[in-house]
Structure formats: structure tokens, C-alpha cells
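**Q** make a model of this:
(chains A, B, C and D)
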2 protein chains.
Amino acid sequence: MITPDKKVLLPKHDISVLVAVLNYFHPLPEGIVSFLQQHTVPMRFGKKKMLVKAGAMCEYIYFIQSGAVRGFSKEDGKELTTWITLEHEMVSSITSLDIHEPCIENIQAIEDCVILAISFENLEKLYQKFPEFNIVGRKLLQKYYRDAEVRAYIARLTKAENKYRYFLKVHPGMANRIPLKYIASYLAITQETLSRVRKNL
Amino acid sequence: MITPDKKVLLPKHDISVLVAVLNYFHPLPEGIVSFLQQHTVPMRFGKKKMLVKAGAMCEYIYFIQSGAVRGFSKEDGKELTTWITLEHEMVSSITSLDIHEPCIENIQAIEDCVILAISFENLEKLYQKFPEFNIVGRKLLQKYYRDAEVRAYIARLTKAENKYRYFLKVHPGMANRIPLKYIASYLAITQETLSRVRKNL
DNA sequence: AAAATTATTTGACTATTCTCAATAATTTTA
DNA sequence: TAAAATTATTGAGAATAGTCAAATAATTTT
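**A** As a prediction, the model looks like this:
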């Protein structure tokens, strides 16, 4: 009888897309790749499930392998969608990540999602064990900071039509995929207004 | 006659506040401090002078020693202020910094400013010579990303009064210092509306 | 396939903010 | 210090987007 090598039989989840994305920012040494293989946790979130709730501590940074996710907060009980993110991007609560405080925002799956999660604890270890990973982190943040600037710009536009036009330009893949109500809330207009804007093309 | 030691006579500009701020994010080894001493350029910008113009390449990251600065872009010829920054913070064009493209935004002094500038070229050298500085860069970006999220949130609020209330909470030092028209534009409302909001406290 | 749920559209009306114009206050410059 | 320039306030009417209610369409569940 053969005693199989357990290591070989361990079902390894697929981190190749994550690695490819990170590699794009800065070449990853082998050690980091196997660290990620060991310390990422595959997760699934059904449509509308919450990844993170405002007021709670967020413990993970999430890499979306497939699906769509949004962040939202509230104004007078009304939801304000602050970002929408598709597959191959990362999401998390920057407040929890940066200063270890409970997050201000909710994070919710808009579609069924397949996700890889890394705990902040392991992320911290990653930075310590592989100082080079700080370069990756820095460049990732530079990119996400640029995205945040774009969001702030859109929200500041005054005409609903201008907002939607700009949205179409920046997120062409979202218009026919993300429910209108989330897009409306992202643009800080009502869904009725967005519906009318769309009709007038 | 004495031939003075040139090194000693070189007037060193004061980088102590910059060092203190960076040090707060991550302890700076001595080598980085002297690099900064050598590669920062003191500059002054009078009120309303432009640090950076949209469409041009931005070449520097600026540390504001004193004064106030804003970033703005345009919608139908109208200015949209996207951020306002006071002394002891950094400003730059994230687009130019991250992907070496001409910047989308204008950056303008709101008050007379004393500034320390570091060229992107030297910043890049800093990252290369002192890999540890990537930690500083990463943490700085985490902080600025949080700020960007707050900006995006404010702009998405629907009532002018709510925007101003939130602004007061987040930037208590600005209300009595920054001209109303810039605050209005930052909140994505007209100055007339902000003036009325203020009257109704 | 039908029922139930959820999402989107439409209409009528309302509230808020914008626009334009004029005036007042403040700051800067000559 | 007076004049000029800039910034802030106020009023009236117009435009835009919001609210509420209902109908329709699309999607999901049974």
C-alpha cells in the first residue's frame, strides 16, 4: 500500500491570477508566492452577502477572483455607494487596514463572488518577512489612490448627465452589469434620475 | 586669510518638520535624513500661484511647511476643488507620480506658501537606495487614501447642510481660514448656497 | 410555468439648489 | 488712505433633481 505524500495531496487553491496581478506591480520573488499560497484563504460570498459591516473590525484584505463588490455607507438611513469593484482587484477597509479601527464602510457582494482573503496579520508578516513587498504595497496604494481621486471627481460633478457620461467612460464594463440602483447611488443621484438620464442617452 | 569650509557655509534649509512627519510614519535612519537634506528644494509660492497645471507633467512632490494649497479641475469651465491641504502635509499629482503621465488636476496656492519639493527622480532614488523608505511611502499612501475616501464621501452627501456639517467636523481648522468660494467648490455646491447654509448655522 | 420577488420606468408634484443680478464687505494695491 | 479688486451676501426666478406612488419589466423561486 502506498502512503501518499500529504503535501502533494493538499488541495492547493489557485492563486495564479492574484500572483499575476501583484507581479505586474513589482516582480515577486518565489518566497512571496509560496507565502501567499499558504496564507490566502479562499472564500465565497453569495450575492448581497456582507463581507464587512460598518462599525465592526475588518480583518482581511480581499482579492476578487470573480464577481463584483461595492462599498457603501449611510446618510439619514439612505445608502451611499462609495465604490464598485470588479474581479481582479482588491478591496478592504482602508481605515481598519491603516489604523486598526472599526471600519466606517460596509462591503457587500453585488454578484456571487469567489475571493481570496489575506488577514491583516498575515499581511503584516508578509511585509516583515519580505521587505520588498512594501514596494508592491506602495504601488498598489498609488493605483488605488488614483482611483479614489477619480471617484471624488465624479461625485463632484454637478449635472447628473455629466456624472453618468464620465462613469461610462471610466467604467465601461459596469453599465450593463451592475444594477442601476447601485450605479445611481455611486453617482450620488436617485435611481429615478439615472433612469431618466439613460433614456435621454 | 581664511578659506572657509564650503560645506559648513552652505546654508542648510530646515527640514526638521518634514523629518518629524515622516518619522511619525516609520523611524528614519540617518542616511535618509541626509539624503532629504541634500535633495529637497525649498520653494515659495505666492497666493494664487500655480504649483502644477493640468495637462503638464508634474515633477515634484511638495511638502507644505506653511500655507494652504488646493487641487482643482474643471467642469464646463467651472472649477471643481477636489482637495484642500494645509501645512505639514504633502501634495502632488498622483497621476504623474504613479504612472508618469501629465496631471489631470491643477494645484494652486491658496495662501503664501513655504514648501519643500522633492523631484520624482530623487524620490525614486530614495526608494532604491533606502528600500526601507518604501515602508514610509506605503504608510503615507495609506493615510492619503483614507483622506481620499473621506473626500469622496463628503461629495456624495445630498444635502448642502450635511456636507458643510461634515466638513466642519473633519476640517475644523479650515472653516475660518479658507475663502468660502473654495470650500463651496470643494463641497460641490455654489458659494451662494454655502453662504446661506452658514447663515442658518 | 406560475408565483413571488426585485428592479426599473413613468408621472405628478415638491424641494433644493442654481443662476443671474445687485449690493455689501473685505482685502489688496497703488 | 483711497481706489481697485476680490470675496461674500442677498433676492427673485428658473432649472434640476428629489419624493412618492403606481405601473411595468425582469429575475428568481417554488
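
**Q** so which residues on chain A come close to chain B?
**A** Within reach of chain B by C-beta under 8 Å from any C-beta of the partner chain, chain A has these residues: A:73, A:75-76, A:78, A:80, A:82-83, A:94-95, A:97-99, A:104-105, A:127, A:131-132, A:134-135, A:137-139, A:141-146, A:148-149, A:151-153, A:155-158, A:162, A:188. Just so you know, the C-beta spots here come from the backbone N, C-alpha and C atoms, and that holds for glycine as well.

**Q** PyMOL command to pick out the buried ones of those residues?
**A** To isolate the buried members of the residues of chain A next to chain B in PyMOL, using 16 or more other C-beta atoms under 10 Å in any protein chain shown:
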select buried, chain A and resi 73+75+80+82+83+94+95+97+98+104+105+127+132+134+135+137+138+139+141+142+143+144+145+146+148+149+151+152+153+155+156+157+188
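
**Q** out of the residues of chain A next to chain B, who's near DNA strand D?
**A** With C-beta under 7 Å from any atom of the strand as the criterion, those include A:Thr158, A:Ala188 near DNA strand D.

**Q** and the strands in chain A?
**A** For chain A, the strands defined by DSSP state E cover A:41-45, A:50-52, A:60-66, A:68-75, A:78-86, A:90-91, A:106-109, A:113-119.

**Q** of all the ones you listed, which one comes closest to A:Thr193?
**A** Closest approach to A:Thr193 among the strands of chain A is made by strand A:78-86 (13.9 Å; C-beta to C-beta).

**Q** what is the helix ranked longest in chain A packed up against?
**A** Counting by DSSP state H, the longest helix found in chain A is helix A:133-156. Identification of packing neighbours for helix A:133-156 by 3 or more C-beta pairs under 8 Å, 6 or more residues apart in numbering or on different chains; DSSP states H and E yields helix A:16-25, strand A:78-86, helix A:120-129, helix A:160-170, strand B:78-86, helix B:94-99, helix B:133-156.

**Q** dump the ones you listed into JSON lines; add distance to A:Ile64 and mean pLDDT as well.
**A** Formatted as JSON lines, the helices and strands packed on helix A:133-156 follow (distance: least, C-beta to C-beta, whole Å; pLDDT from 0 to 100):
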{"stretch": "helix A:16-25", "distance to A:Ile64": "10", "mean pLDDT": "97"}
{"stretch": "strand A:78-86", "distance to A:Ile64": "6", "mean pLDDT": "94"}
{"stretch": "helix A:120-129", "distance to A:Ile64": "16", "mean pLDDT": "96"}
{"stretch": "helix A:160-170", "distance to A:Ile64": "18", "mean pLDDT": "97"}
{"stretch": "strand B:78-86", "distance to A:Ile64": "27", "mean pLDDT": "95"}
{"stretch": "helix B:94-99", "distance to A:Ile64": "21", "mean pLDDT": "93"}
{"stretch": "helix B:133-156", "distance to A:Ile64": "18", "mean pLDDT": "94"}
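
**Q** break chain A into its domains for me.
**A** A:6-146, A:157-196 (automatic domain parsing).

**Q** which one of these lies closest to B:Ile61?
**A** Ranking the domains of chain A by proximity to B:Ile61 (C-beta to C-beta) places domain A:6-146 first, at 11.7 Å.

**Q** how about the residues of chain A near DNA strand C?
**A** Checking chain A against DNA strand C by C-beta under 7 Å from any atom of the strand, the hits are A:Thr158, A:Pro179, A:Leu180, A:Lys181, A:Gln191, A:Glu192, A:Leu194, A:Ser195, A:Arg196, A:Arg198, A:Lys199.
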